[in-house]
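K.L.:
okay, predicted coordinates and the sequence, questions at the end:
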Amino acid sequence: MESKIKNRRDFLKEMGVYASSTAFLASIPWLDAFAQENGKNVAASDRVRIAVIGVGSRGRALLMNLQQVENVEIVAVCDNYEPHYSRAIELTDGKAKAFYDHKKMIDAVKDIDAVVVATPLHEHAHIVVDCLNADIHVFCEKAMARTLVDTKLMADTAIAKGKILQIGQQRLFNPVYLNALERVRAGEIGQITQVRAYWHRNADWRRPVPSPELERKINWRMYNEYSGGLMTELAAHQVQVANWYIDKVPTQVMGSGSICFWKDGREVYDHVALVYDYPDGSKCTYDSMIANKHHGLEEQIMGNLGTIEPEINRIYSENPPQAPGIRQLVHDIESSIFDVIPIGGATWIPETAVQYRGDVIAPYENNDSFLQFVGFAKAVKNNKPYPNLLREGYHATIAVLLGLQAMDTNEIVAWPAEYVMEKDV
Ligand SMILES: NC(=O)c1ccc[n+]([C@@H]2O[C@H](COP(=O)([O-])OP(=O)(O)OC[C@H]3O[C@@H](n4cnc5c(N)ncnc54)[C@H](O)[C@@H]3O)[C@@H](O)[C@H]2O)c1
């Protein structure tokens with residue numbers, strides 16, 4: 001317990017470092033929450049009263065993160081599946097009121113300030129819109145919705161009502177990503193021309209089902225009606241990073257998707273590859289598969305002066321300093337293992353990857369899923385959305401849904417003008 005509290009304070013201190021830079025704060029307004037953080041307890045009347053809707057795998061993790069946020073009180077939980085409903089009550093020691101239906105919850109608990117929605121994707125839009133219309137602030141897990149129309153409806157409703165709609169893109173609150181972004185904006189890796197992102201796993205993605213009629217409820221990720229598969233589950237995180245770092249909205253996307261390995265009755269692709277084009281000619285190339293995990297996941301942010309790999313917390317210069325003596329010797333020995341001495345001299349040397357480990361971006365142990373709630377709670381307390389935060393989640397969802405459309409139709413899909421959210425909305 002002691003170490004948890006220490007870490008929590010450390011996280012806040014780390015975030016405060018970014019929040020103290022005025023120029024950076026202007027481009028990342030949600031860091032303002034950490035500038036104001038003073039670590040003091042707040043009066044009970046200042047508490048933010050939150051309900052969690054959808055307390056499955058992610059919802060439970062979010063609930064536990066929320067319980068660590070100083071001024072948050074979990075007043076209600078809601079889940080329409082009995083085993084998860086009961087576990088949610090246990091997790092709150094029976095202190096939260098429990099419901100099977102979010103509308104009944106909204107009617108019964110009058111002083112909810114905000115909800116956290118972690119239901120399956122197709123169940124986001126109607127719940128979020130009901131809550132916003134009841135004047136309740138919302139944190140909703142990514143991706144926003146299963147369709148473009150529902151995604152826009154959620155965003156439009158939040159803006160029209162002046163309510164917070166924060167999407168669960170936790171990298172936006174991650175100190176490593178923030179430090180790297182600050183360095184990008186300062187020109188350290190030059191002009192970004194490509195983000196090469198991928199997420200590879202080796203698992204069927206199935207969950208055990210207690211009885212056959214629950215298959216679609218438990219394994220909703222497998223079915224097109226409820227899920228966009230790898231795109232809405234994984235790519236949403238990484239395409240958000242690409243848009244954020246390139247600081248533009250893509251103009252078009254092309255792609256190819258297939259069910260390549262897990263031919264077990266699922267409907268969603270188990271293998272996708274796409275290219276997103278940006279107006280300045282830069283690209284995000286993206287692929288995801290679940291039949292090989294050797295390369296894991298990364299967003300390789302490539303500029304003419306350097307590269308960033310935030311998932312492994314490293315930054316590389318295009319012109320690294322010469323390795324000192326002993327490292328040079330090791331390098332030479334390793335090189336001779338692979339090099340072939342051509343007869344008559346080399347005419348071409350293959351451009352194999354540079355075997356240089358770069359530098360750590362930021363020495364952080366972080367929990368961005370917790371930090372995003374510190375920001376959310378502060379916004380709710382201030383009764384005011386952070387400019388541009390919804391925009392990030394919104395464009396990430398539109399991007400992955402357009403990517404799905406490109407793969408389903410086998411056509412290049414242009415980004416429709418009506419799905420561009422301007423800055424500072
Ligand atoms: N940000 C992240 O890193 C991250 C990680 C995992 C999952 N997620 C997202 O979290 C969401 C949930 O994923 P999960 O893996 O927890 O799914 P899950 O199936 O484990 O949990 C969903 C829960 O919602 C409940 N539910 C369904 N419809 C409901 C309704 N109408 N009212 C109340 N409860 C309802 C289900 O009974 C279940 O308990 C998804 O949007 C997913 O993309 C985000």
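P.N.:
Cool, got the structure.
K.L.:
from here on, just use CA atoms for contacts and neighbour counts.
P.N.:
Fine.
K.L.:
distance of Val117 from the ligand?
P.N.:
Using Cα to the nearest ligand atom, to the nearest Å, Val117 is found at 8 Å from the ligand.
K.L.:
my guess is that residue meets Met144, correct?
P.N.:
No: the criterion here is Cα atoms under 8 Å, and Val117 misses it with Met144 at 10.2 Å.
K.L.:
so what sits against both of the two?
P.N.:
Residues touching both Val117 and Met144 by Cα atoms under 8 Å, 6 or more residues apart in numbering: His124.
K.L.:
so the residue nearest to Cys284 when sequence neighbours are not counted: helix, strand or coil?
P.N.:
What sits nearest to Cys284 in space, not counting adjacent residues and going by Cα to Cα, 6 or more residues apart in numbering, is Val195, at 4.6 Å. At Val195 the chain is in strand, as set by DSSP: H, G, I helix; E, B strand; the rest coil.
K.L.:
ok, Val195 touching Glu299?
P.N.:
Yes: with contact defined as Cα under 8 Å, Val195 reaches Glu299; the gap is 6.3 Å.
K.L.:
so where's the stretch 201-350 of the chain uncertain?
P.N.:
Applying pLDDT under 70 to the stretch 201-350 of the chain flags the ranges 323-329, 331-342.
K.L.:
now the strands for it?
P.N.:
252-258, 271-277, 283-289, 297-303, 306-309, 314-317 (DSSP state E, counting those that start in this stretch).
K.L.:
what packs against the last one?
P.N.:
Translated: strand 314-317. strand 306-309, strand 359-360 (3 or more Cα pairs under 8 Å, 6 or more residues apart in numbering; DSSP states H and E).
K.L.:
and the third one, by the same measure?
P.N.:
Here strand 283-289 is seen to pack against strand 192-200, helix 236-246, strand 271-277 when contacts are counted using 3+ Cα pairs under 8 Å, 6+ apart.
K.L.:
likewise the second one?
P.N.:
Secondary structure elements in contact with strand 271-277, counted by 3+ Cα pairs under 8 Å, 6+ apart, are strand 252-258, strand 283-289.
K.L.:
closest to Leu66 out of the helices and strands packed on strand 283-289?
P.N.:
helix 236-246 (20.7 Å; Cα to Cα).
K.L.:
quick check, that closest one touching the ligand?
P.N.:
No: using Cα under 6 Å from any ligand atom, helix 236-246 stays clear of the ligand, with a minimum separation of 7.7 Å.
K.L.:
export that helix as CSV, just CAs?
P.N.:
Output of helix 236-246 as CSV, limited to C-alpha atoms (Å, rounded to 0.1, in the frame of the first residue of the first chain):
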residue,chain,number,x,y,z
ALA,A,236,-7.4,3.0,-32.2
HIS,A,237,-4.6,3.5,-29.6
GLN,A,238,-1.8,3.7,-32.2
VAL,A,239,-3.5,5.7,-35.0
GLN,A,240,-4.3,8.3,-32.3
VAL,A,241,-0.6,8.5,-31.5
ALA,A,242,0.2,9.0,-35.2
ASN,A,243,-2.4,11.7,-35.7
TRP,A,244,-1.2,13.4,-32.5
TYR,A,245,2.5,13.4,-33.3
ILE,A,246,2.0,14.3,-37.0
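K.L.:
how far does that helix sit from its chain's centre?
P.N.:
A distance of 9 Å separates the centroid of the chain from that of helix 236-246, by Cα atoms, centre = their mean, to the nearest Å.
K.L.:
pull out the buried positions in it.
P.N.:
Using 16 or more other Cα atoms under 10 Å as the test for burial, helix 236-246 gives 236-246.
K.L.:
residues contacting it, please?
P.N.:
For helix 236-246, contacts defined as Cα under 8 Å, 6+ apart pick out 142-143, 169, 171, 181, 184, 192, 195, 197-198, 249-250, 282, 284, 286, 299, 301, 392-393, 395-397, 399-400.
K.L.:
quick one: the helices in the stretch 51-200 of the chain?
P.N.:
For the stretch 51-200 of the chain, the helices defined by DSSP state H, counting those that start in this stretch cover 57-67, 82-91, 102-108, 125-133, 148-161, 175-185.
K.L.:
pick out the shakiest of those helices, pLDDT-wise.
P.N.:
Of all those, mean pLDDT reaches its minimum on helix 175-185 (a mean of 94).
K.L.:
which residues of this protein lie near the ligand?
P.N.:
Proximity of the chain to the ligand, by Cα under 6 Å from any ligand atom, involves residues 53-59, 78-81, 84, 101, 118-121, 123, 141-143, 168-169, 218, 233.
K.L.:
now the buried members of the residues you listed.
P.N.:
Among those, the ones that count as buried by 16+ other Cα under 10 Å are 53-56, 59, 78-79, 84, 118-121, 123, 141-143, 168-169, 218.
K.L.:
now do the contacts for Ala235.
P.N.:
Counted by Cα under 8 Å, 6+ apart, Ala235 has contacts 198-199, 286, 288, 400.
K.L.:
for it, give its distance to Ile398.
P.N.:
In this view, Ala235 and Ile398 are 11 Å apart by Cα to Cα, to the nearest Å.
K.L.:
and for His124?
P.N.:
15 Å.
K.L.:
still on that earlier bit, okay, the helices and strands packed on strand 283-289 in a markdown table with distance to Tyr419 next?
P.N.:
Compiled in a markdown table, the helices and strands packed on strand 283-289 are given as follows (distance: least, Cα to Cα, whole Å):
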| stretch | distance to Tyr419 |
| --- | --- |
| strand 192-200 | 22 |
| helix 236-246 | 14 |
| strand 271-277 | 15 |
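K.L.:
which one of those lies closest to Asn133?
P.N.:
Evaluated over those, closeness to Asn133 peaks at helix 236-246, with 26.0 Å, by Cα to Cα.
K.L.:
what's the angle between that closest one and helix 175-185?
P.N.:
Interaxial angle, helix 236-246 versus helix 175-185 (axes from the mean of the first three to the mean of the last three Cα atoms, to 10 degrees): 30 degrees.
K.L.:
ok so, going back, okay, Val195 and Glu299: which has more neighbours?
P.N.:
Taking other Cα atoms under 10 Å, Val195 and Glu299 do not tie; Val195 has more neighbours (28 against 25).
K.L.:
for that one, give its distance to Glu411.
P.N.:
Using Cα to Cα, Val195 is found at 22 Å from Glu411.
K.L.:
do Val272 as well
P.N.:
Look at Val272 and Glu411: by Cα to Cα, they are 14 Å apart.
K.L.:
so those two - more neighbours on which side?
P.N.:
Neighbours were counted for Val272 and for Glu411 using other Cα under 10 Å; Val272 has more, 24 against 14.
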